[in-house]
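*Asks:* fold the following for me, if possible:
(chains A, B and C)
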Amino acid sequence: MRTRRSQRGRDADAAETPPPGARSGGGDAASGGTRRRRASSSAVKGKSPAKVEMESALGDKGKNVKVHTEGDDDAGMTRCSSEKNSLDKEDPEAIRGCDAADMDWEEGHILAEEHKESYELGETFTVEFTDVPSSTEKKTVRRLTAEEKELAELVHRVHLLCLLARGRVIDKACNDPLIQASILSVLPQHVLWNSVETPILKANELRSLVSWFHRTFCVTPHSDDRGSFESNLAFALQNHVGTAEEVCALSVALFRALNLTARFVTNMDVAGLKPDTKSMETSNQDAPRLCTKALPSSSFVAGHNEHNNLSPVVSQSQDNTEDSIDTTPKKHKVQGCKKSLSKKLSKCKADHGISCASQSKDSSSSSQYPSTSNAEVPKRKGDWEFELQLEMALLASAAEVQDNELATHLNLSTDSILNSTPPFKKLNKSAEAPCNSSTVWSRSGAPLFWAEVFCGGQASSGKWVHVDVVNDIIDGEQKIEAASAVCRKPLRYVVAFAGNGAKDVTRRYCLQWHRIVQGRVNPEWWKNVLAPLERLELAATNDTEDMELQTRALTEPLPTSQQAYKDHHLYALEKWLHKNQVLHPKGPVLGFCKGHPVYPRSCVQTLQSRHGWLREGLQVRENELPAKIVTRPKRTFNSQSLQSNSNEDELKPTLELYGKWQLEPLQLPHAVNGIVPKNDRGQVDVWSEKCLPPGTVHLRLPRLFQVAKRLGIDYAPAMVGFDYRSGRCHPVFDGIVVCSEFKNIILEAYAEEEEQRQAEERKQQEAQALIRWYQLLCSVVTRQRLKDSYKAPSSDHGPSGPSKDSSQQKSTNDTRSSETKTRASRLQEDRLLDSPFLAHEHEHEFPEEDQSFDEETFVRTKRCPCGFSIQVEEL
DNA sequence: ATGGGATATCGTTCTTTGCCGGCG
DNA sequence: CCGCCGGCTTTGAACGATATCCCA
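*Replies:* This is a model prediction of the structure:
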């Protein structure tokens, strides 16, 4: 048999709603009409077998016939043709004959002879496409739409503003005198540096202070909100337990209480600028990571060195006896911790509605240690981190030591635990790996909050020093970027808060700016947001770090990856230049990347065609050779322009591009004797105000050309651009171009004419209003007259007004033989009288004795006892 | 694990100067 | 008769950006 295929582009249904199996034929993007199909097929890449059932015209007893088609046919087309077959089943011959010329026919094969017979007999058969989707094509490719991107950016911006506001709240709390005084009161004297010996503070002099802070305050993943951040801080201060944010804020308050210039700094954990496609699609896969996020991450860090417990109860019991060692058997504590962890895990999973096999495995592994050593299943990075954090949590809750000196004790105790739980051996090994700062952070969670203290005394020679009391790190600014990347909280916006203001100090912590710049919002917007806050911050800190940040911005090391040079803000590789870019001058070479010379980005010049520069009011100097010649996009000439346009330059397949250094200001012919220089179409192309011939002005007012025409002033329509409608491009005109000397005359005349026109318009409107009032009043009178004429008889039955019963109405009307009306007009009146518009409190009554009839004019006058009278013209 | 090249696909940019019939 | 206005199968091809895959 053969299946019918509609002509491409004719079958709108096929183009708009392809079946799941449809895919673009041949992948030729140039073929007309492929775009829409491509867009829809991209939703589900790959094919599912399409099955089409058809019923032949002649048969009535169904017998299925399978018809297999081969090759890469457009299933959507085939489907539509089969639909049509079923529609036109009354006369298959007619279908065959009617539009066969418009169809492409596609050969198919029938499997067996008997099937063919049954087809001829006209029975139901099935067309089944056997091109089963290959495993590689099954994967769904879901790309983000512009709308989703826009929404994500909006969320990103709002989140940024919220985080900025949050930072200011914290900064304000750090200035609270009560909090400052309180924290000062618990500070032991011995941790302070000798300010007499060293009047200028150096970073390492903060060491003992930071260590004391780190030992004294425990970090919890979350704390109860007590109404205000100040209250939260007070609570944290009282109990020596708080979130990383609160502990960090307390450190800032302490530094400020000690009269140091300090800022609260946060790496804003902001929602992504681009939607997270992975999280949108594969929530199941990411579920373990979600759980990881929900787990208390910050607490692990404190536990690394400190007596930090997951359970707040235990934590508090220790707070009271800070120097005592808990004598509870380790085993109990560890088991308690296991239970609480597994509880948290199951809660976390329940919260996220996750129920997949892998997770239940994770769950069991966390509660049943012997089963964890399932190393056959390859672990993902997230799982690995999760287990690592789990282990650290256990270590933290098992820890009984007070300070670093007892670390060996800690190792012993954890060893004993881990020895009893073989699955954790592997994890323990990794925990014993060389411990640099980034690995510490990777266990503890990303560094999100820290302080900056201004060290070195004078503003000119001083320096902001990174101080992280949560992790007991001083001057670790260079490690933050790597630590954040490991913890999947990449640096994007590091903002320092002081004096109720804020400042973006990302540059200080970011070594590879080009990596983070794609994740940041439009710099212009961000700059505008921060501008007022930066002024406040500057007033509070009086620092001069801008030079330092700028220097950092300009001295970024050369990236080692070639792709990093794509749109790098400082450096460029020739291979990554855009089509309309060129290196001018070609040098100096700053270095090499995989053998390719690296040039400064400032050497990259963007080129434009002659016409492109013309729009900017510039023209190419004489005798300048094009800086670059590129292939011109194939133009879609219509037949007419092909015929009329004999200019060979216009048809050249290449485009000559010129750089800024080859240009001069546009030189256009001057207006002479009040005549506007026009182009050969009798108009002036106004791409911008710079393109106006000298001595002319562009007046953008409607109907202005009529004024110019009336005054006999030379003018030219101003063509400001093109509009593409209905497949053609149309010039767009806006206003006129006239010589400057006529500007005022024209404008005055225009104003005068406009005034007249408006007066005329007003006059017309008033006249129109009069007419409409007259019509309205007439209709009111008519309505009332009709109402009266029909209400009078019904008033006999009571004051209920006109009856809605049409038969009754008719009978009453019949009694009034003197009034002859058509049935149609009566029905109309019924509607009018029923209208709520006519509802009044007083219903007029017109007794027969109060009516008079004028024989000459056939006008009956009816009078209501209330004094209202109405005249009815009787036909 | 990472970088680079190839490929696919989607969104954006560039292109760049009618015709005809109805109606006031 | 003249001028205005609105409706015409809806431009569509190239390019840039980005995601993904595969391989070294």
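*Asks:* where does pLDDT dip in chain A?
*Replies:* Judged by pLDDT under 70, chain A has its weakly predicted residues at A:1-147, A:193-200, A:275-445, A:457-460, A:488, A:543, A:632-653, A:725-727, A:792-842, A:875.
*Asks:* what residues does the stretch 701-850 of chain A put near DNA strand B?
*Replies:* A:719, A:721-722, A:724-726, A:728-731 (C-beta under 7 Å from any atom of the strand). Where C-beta positions appear, they are placed from N, C-alpha and C, glycine not excepted.
*Asks:* need these in JSON lines (columns: secondary structure and neighbour count).
*Replies:* Shown next, in JSON lines, are those (DSSP: H, G, I helix; E, B strand; the rest coil; neighbours: other C-beta atoms under 10 Å):
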{"residue": "A:719", "secondary structure": "strand", "neighbour count": "18"}
{"residue": "A:721", "secondary structure": "strand", "neighbour count": "14"}
{"residue": "A:722", "secondary structure": "strand", "neighbour count": "11"}
{"residue": "A:724", "secondary structure": "strand", "neighbour count": "8"}
{"residue": "A:725", "secondary structure": "strand", "neighbour count": "8"}
{"residue": "A:726", "secondary structure": "coil", "neighbour count": "6"}
{"residue": "A:728", "secondary structure": "strand", "neighbour count": "9"}
{"residue": "A:729", "secondary structure": "strand", "neighbour count": "12"}
{"residue": "A:730", "secondary structure": "strand", "neighbour count": "11"}
{"residue": "A:731", "secondary structure": "strand", "neighbour count": "13"}
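*Asks:* what's the most distant pair in these?
*Replies:* Spatial extent of those (C-beta to C-beta) is set by the pair A:719 and A:726 at 18.9 Å.
*Asks:* export the residues of the stretch 701-850 of chain A next to DNA strand B to TSV and tack on distance to DNA strand C?
*Replies:* Converted to TSV, those look like this (distance: C-beta to the nearest atom of the strand, whole Å):
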residue	distance to DNA strand C
A:719	16
A:721	12
A:722	9
A:724	4
A:725	5
A:726	4
A:728	7
A:729	7
A:730	8
A:731	13
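*Asks:* of all of the stretch 651-800 of chain A, which residue lies closest to DNA strand B?
*Replies:* At 3.4 Å from DNA strand B, residue A:722 is the closest residue in the stretch 651-800 of chain A, using C-beta to the nearest atom of the strand.
*Asks:* give me the nearest residue to that residue, chain neighbours excluded.
*Replies:* residue A:729 (4.8 Å; C-beta to C-beta, 6 or more residues apart in numbering).
*Asks:* quick one: that neighbour and residue A:721 touch, right?
*Replies:* No. With contacts counted by C-beta atoms under 8 Å, residue A:729 stays clear of residue A:721, the gap being 9.8 Å.
*Asks:* in the stretch 151-300 of chain A, what residue is nearest DNA strand B?
*Replies:* For the stretch 151-300 of chain A, C-beta to the nearest atom of the strand, closest residue to DNA strand B: residue A:153, 11.4 Å.
*Asks:* in a strand, that residue, correct?
*Replies:* No. Using DSSP: H, G, I helix; E, B strand; the rest coil, the assignment for residue A:153 is helix, not a strand.
*Asks:* surely it meets residue A:519?
*Replies:* No. Residue A:153 lies out of contact with residue A:519 (C-beta under 8 Å); the separation is 11.4 Å.
*Asks:* between the two, what contacts are shared?
*Replies:* Each of A:273-274 lies in contact with both residue A:153 and residue A:519 under the rule C-beta atoms under 8 Å, 6 or more residues apart in numbering.
*Asks:* so for the two, which sits in the more crowded spot?
*Replies:* Shown here are residue A:153 and residue A:519; by other C-beta atoms under 10 Å, residue A:153 has more neighbours (18 against 15).
*Asks:* leaving aside the residues adjacent along the chain, what's closest to that one?
*Replies:* residue A:273 (5.9 Å).
*Asks:* how many other residues sit next to the one you found?
*Replies:* The tally of other residues near residue A:273 (other C-beta under 10 Å) stands at 18.
*Asks:* next, give phi and psi for it.
*Replies:* Backbone geometry at residue A:273, expressed as degrees, to the nearest 10, gives phi -70, psi -30.
*Asks:* isn't it up against residue A:156?
*Replies:* Yes. Applying C-beta under 8 Å as the test, residue A:273 and residue A:156 come out as touching, 4.7 Å apart.
*Asks:* which residues are common contacts for these two?
*Replies:* residue A:521.
*Asks:* neighbours of residue A:466, how many?
*Replies:* 22.
*Asks:* hang on, the earlier thing: list the residues that contact the residue nearest to residue A:153.
*Replies:* A:152-153, A:156, A:518-521.
*Asks:* narrow those residues to those in helices?
*Replies:* Among the contacts of residue A:273, the members falling in helices (DSSP state H) are A:152-153, A:156.
*Asks:* in stretch A:617-626, what's buried?
*Replies:* A:617-620, A:626 (16 or more other C-beta atoms under 10 Å).
*Asks:* an error on my part: the question was meant for stretch A:246-262.
*Replies:* A:246-258, A:260-262.
*Asks:* ok, stretch A:658-669 next?
*Replies:* So, applying 16+ other C-beta under 10 Å, buried residues of stretch A:658-669: A:658-659, A:662-663, A:666, A:668.
*Asks:* first to last residue in stretch A:657-667, what's the distance?
*Replies:* 19 Å (C-alpha to C-alpha, to the nearest Å).
*Asks:* in stretch A:455-471, what counts as buried?
*Replies:* Quick answer for stretch A:455-471 (16+ other C-beta under 10 Å): A:455, A:462-471.
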